[in-house]
Structures are given as C-alpha cells and as structure tokens.
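Participant: quick one: sequence plus predicted model below, questions after.
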Amino acid sequence: MIINERVYLLEKLLIKGGNRLCGDVVISGAKNAAVAILPACLLVPDTCRIENLPDIKDVKLFLKILENLGAEVNYVDKNTVEINCSNVRSYEPLGELTRRMRGSSYLMGALLGRFHKFRVDPPGGCDFGTRPIDMHIKSFRLMGAEIDTSRGIVAADAAELHGSQIFFDIVSVGATVNAILAAVLANGTTIIENAAKEPHVVDLANFLNACGAQIRGAGTATIRIKGVSSLHGVSYTVIPDQIEAGTFMIAAAATKGDITLHNVIPRHLEIIGSKLVESGVKVEYNSDTVRVWVEEETELHSISFTALPYPGYPTDMQPQLVTFLTTIPGQSIAREGVWDDRFRYTSQLKRMGANIHVEGKLAIINGVEKLIGAEVKATDLRAGAAMIIAGLMAEGITEIRDIYHIDRGYESFEEKFIALGGDIQRIHVIEDDYI
C-alpha cells in the first residue's frame, strides 16, 4: 500500500524455524479450478451457485471482473457465491483488473462463446518466462474467429462459432480451457487432441456438463465437445486444491513432522507422495485423507524428479520439493519440463545457505546440514509457499517479503501452519523508496 510517493506500508512474514509440524489440516477449494469455473459462468444466463471456493485474492479479483462486466455476485459465505450473468452485456473486461492475474486469459474463451467477440488486455500473473497465447488464438481461429493483436490488446470477432479439430503441439492447460469454453456453445463438434489432463480441467468440464454441456473425455488426451444451444444454472462444489495439499505434504516431510490432510482427493496426490516415499518419508492414503510423517531416526535420501504436465509431477509443486531437498544428504536433481524460467526462487534459498546450481531448466541440489534464517522474498505464488517451508525448516528467524504473491493463491495459509505448530507472524512495516 502506498502511503505517499516515497513511503510504503508492507506486510511481511516472520518465521522462527525448528518446530515439527503435527496435527490435522483441512484443504481448501482448488484455486486453479476456481479461476476456470468462474469465467465459465459467463456462458450461463442463469444463477450458478459455486461452493468450496477458496477465500483468496485471485478469486475475489475474478468476481470483481465479473461484476464489472455486469454480473450479479452474491456472497452466501466466504467460500460460497451465487453468480447470475443474465445481464452481462460487455465483452470488454477492465484492463486494470485483467492485467493482475494470468487466469484472466480464460475470459477470452468464455466471452467468445457468449458474444462471439471479445476485447481483452494481455493477462498478468506470475512471471516464469515466456507465456505465449498462440495456441489459444489458434483454437479460436479454427472455430471461425478473426483475431487481431495489433493494438496492444487481443480482439476477436466471429460471425458464428463452429466445431473444429484442434491439435496442440504441446500440452497447455490454458489453451485447453479456452478451447473448451469457446466450443461449448458452438455449432457442431469440437475435438481437442493432446489436451491437458489436469484435475482442474476435469473439474471445469464437470461443471459445464452439470449446466447442460456435452463434453466427453476430460482427463484424457482427447476431449470431444458437442455444442449445445444453451446452458442452465447449477449448484456446484469446487474440488480440493491439489497444490495446497501437496504443499502441506512437503511441509510435513521438511519439518520431520506428522500431518493428516482432510478434504483431499488422494489420487491427485499420488505422484507427490511417490517422490516423498522415494526419499524415505511415510505416506498413507485413505478415502478422503492423506497422512504424511517422518519416523524417528529416519535417514532421508536424495532423489531426482522432473516437473511435467499431469499426471506427471506438478510444476506448481517444483519449488516446494526443491526446498525440501536442500537439506537431504547427497545430490538431488530437479528438471523443469513446463516453464522456461521457474528456478528464479533458488537465489532466495541460497541466501539461507542452500547449495543449488541452476543450468537452464535443470537444478542440481547438494544437500547441506541446515538452512539458516535470512531475509528473503516470494518471487511468485508457489515460490512464496516454498519460502514458508524453508523458514519452518531453518535455524533462526526468516523474514519473507512480497507475500502478496502468497495471498493470491492460499487461503488462511499462515493460520493453518500456526495450528500445526509453526511459529509464524504477519507484521506491517513502513519502508521508504521500496522497490
């Protein structure tokens, strides 16, 4: 917050490390599913009740975008909203809002499906290097839209939308979501090949099918969408957050603790659990809970992994696992198979004594005896979660700045860690000439 042009009010987290995290934690609704389902409501000229929404900044921002377009938004409670898009007339969302989050790119597919046109500023969000939207645009063009990017915005116009055969050269969650949103109300059948299989893609398809869409194959490489004439309102519950759950799984391992996660879908977490088990951590799955613990005197060992599209190890869990590996004896290797520049956060771990060497999309982690508390920053959302884990592991006090990244995607994050035994305090400070 800017107090005046030279003085800033900032929030930071202070973490005193060394405590084992033990107890139970309830996982919130999935951020990535929520920011796909909310724009999908634009396709429904009726009331949609969305439950288990995470109470986070990205969701609140998206609801503000919908309201700005003309939707009626009613908060039933902090995790439930009713959205009526009957009176939405605008296909030009406010740029100052959309530029603040990557998920705003989904407005393109939703508005194209609703109005056969849109005018949208390029989306914002975490910066991991180049994030092109060429495959999104390819999908829209194949369905009959003319796209113009010459004026600093993305503009689309279509006399009508028709089904098409779409093949993605690489797996892209964003392009898959946008193709689904644009195709649901199009004439004919759309077939998406090499589609993303992530749980939140499946959740979006399940929501739209509950509204009357005809989508088959979500969760596989081939998705078939038969266009329908209209959709109707529905009450729908967002799936639990795979990434929040995985973050607490790794936090349990990193602090040699014992945590039971509630409100989870265990099969979404098996790839994360498999890497922890490989390192010597214990993981137990039940119907809707997962327990993660480290037995006394266990000698954990180094591992290698590659972040890949689902069902591979999630790229959004890469920083957390690297952080855990910083104090594991031996040499671990992490490969990033999705983004070009997602190891930026490692410079912050080095400030805490980590021994990490990065070569492009490869990180070599040589385990050190311990991390030491230091002043660090959250370089992005998931890196911010990794910094919290690092602080909980470290000896001494860790101060984390730029925590607005963390607030974007995790509900009551520090409160949940405190309930598990973490020593975390949010403070407000005034700084001059903050950069």
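Facilitator: Ah, there it is. Numbers count the residues shown, from 1 in each chain.
Participant: C-alpha only now, for contacts and for neighbours.
Facilitator: Will do.
Participant: so what's G421 closest to, chain neighbours aside?
Facilitator: Distances taken as CA to CA, 6 or more residues apart in numbering put L21 closest to G421, at 5.3 Å, once the chain neighbours are dropped.
Participant: so the one you found sits against M393, correct?
Facilitator: No: counting by CA atoms under 8 Å, L21 sits too far from M393 to count as a contact (10.1 Å).
Participant: what's the overlap in contacts for those two?
Facilitator: T255 (CA atoms under 8 Å, 6 or more residues apart in numbering).
Participant: direction included, what does the host helix or strand of I147 pair up with?
Facilitator: Using DSSP states H and E, I147 maps to strand 146-148. Sheet pairing for strand 146-148, assigned by DSSP bridges, gives strand 154-157 (antiparallel).
Participant: quick one: distance of the partner strand to the chain centre.
Facilitator: 26 Å (CA atoms, centre = their mean, to the nearest Å).
Participant: avg pLDDT for the next helix or strand after that strand?
Facilitator: Sequence-wise, the next helix or strand downstream of strand 154-157 (DSSP H and E) is strand 165-167. Averaging pLDDT along strand 165-167 gives 98.
Participant: next secondary structure after strand 165-167?
Facilitator: Strand 165-167 is succeeded, C-terminally, by helix 173-183 (DSSP H and E).
Participant: what does that next one rub up against?
Facilitator: 36, 40, 105-106, 108-113, 133, 135-136, 139-140, 143, 161-163, 189-190, 192, 195-198, 201, 204-205, 225-227.
Participant: sitting in helices, which of the residues you listed do you find?
Facilitator: With DSSP state H as the criterion, helices contain 36, 40, 106, 108-113, 135-136, 139-140, 201, 204-205 from among the contacts of helix 173-183.
Participant: show me the strands in the stretch 201-350 of the chain, by range?
Facilitator: 214-216, 222-226, 235-237, 258-262, 282-285, 289-293, 304-307, 331-336 (DSSP state E, counting those that start in this stretch).
Participant: about what we covered before: list the contacts for the residue nearest to G421?
Facilitator: A251, A252, T255, K256, G257, D258, I259, F417, L420, G421, G422.
Participant: coming back round to it: what residues of the strand holding I147 count as buried?
Facilitator: By 16 or more other CA atoms under 10 Å, the buried positions in strand 146-148 come out as I147.
Participant: could you do stretch 279-293 as well?
Facilitator: Buried-residue list, stretch 279-293, by 16+ other CA under 10 Å: S279, G280, V281, K282, V283, Y285, T289, V290, R291, V292, W293.
Participant: quick one, what contacts the last one?
Facilitator: I take that to be W293. So W293 contacts A252, A253, K256, G257, D258, I259, V281, K282, V283 (CA under 8 Å, 6+ apart).
Participant: please name the nearest non-neighbouring residue to L14.
Facilitator: L14 sits nearest to E399 (CA to CA, 6+ apart), 4.7 Å away.
Participant: ends of stretch 295-304, how far apart?
Facilitator: Terminal residues of stretch 295-304 lie 22 Å apart, using CA to CA, to the nearest Å.
Participant: flag every buried residue along it.
Facilitator: Going by neighbour count (16+ other CA under 10 Å), the buried part of stretch 295-304 is L300, H301, S302, I303, S304.
Participant: would you list these in a markdown table and tack on distance to E67 and pLDDT?
Facilitator: Putting the buried residues of stretch 295-304 into a markdown table (distance: CA to CA, whole Å; pLDDT from 0 to 100) gives the following:
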| residue | distance to E67 | pLDDT |
| --- | --- | --- |
| L300 | 50 | 97 |
| H301 | 51 | 96 |
| S302 | 49 | 98 |
| I303 | 47 | 98 |
| S304 | 46 | 98 |
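Participant: just flag the most distant two among those residues.
Facilitator: For the buried residues of stretch 295-304, the maximum inter-member distance is 13.4 Å, found between L300 and S304 (CA to CA).
Participant: go ahead and flag the most central residue of this structure.
Facilitator: Central residue of the chain (CA atoms, centre = their mean): N32, 4.5 Å from the mean position.
Participant: what about it, which SS state?
Facilitator: Of the three states, N32 takes helix under DSSP: H, G, I helix; E, B strand; the rest coil.
Participant: in contact with it, which residues?
Facilitator: H200, D241.
Participant: per-residue confidence for it?
Facilitator: 96.
Participant: do T80 as well
Facilitator: pLDDT, T80: 98.
Participant: what sits against I427?
Facilitator: By CA under 8 Å, 6+ apart, the neighbours of I427 are E11, K12, L13, L14.
Participant: closest to M101 among these?
Facilitator: E11 (20.1 Å).
Participant: CA atoms of stretch 335-344 as CSV?
Facilitator: Output of stretch 335-344 as CSV, limited to C-alpha atoms (Å, rounded to 0.1, in the frame of the first residue of the first chain):
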residue,chain,number,x,y,z
ARG,A,335,14.2,-30.7,-14.0
GLU,A,336,11.6,-28.2,-15.1
GLY,A,337,9.6,-29.6,-18.0
VAL,A,338,6.9,-26.9,-18.3
TRP,A,339,8.2,-23.3,-17.9
ASP,A,340,11.4,-21.7,-19.1
ASP,A,341,12.4,-19.8,-16.0
ARG,A,342,11.0,-21.3,-12.9
PHE,A,343,14.1,-21.6,-10.8
ARG,A,344,14.4,-17.9,-10.0
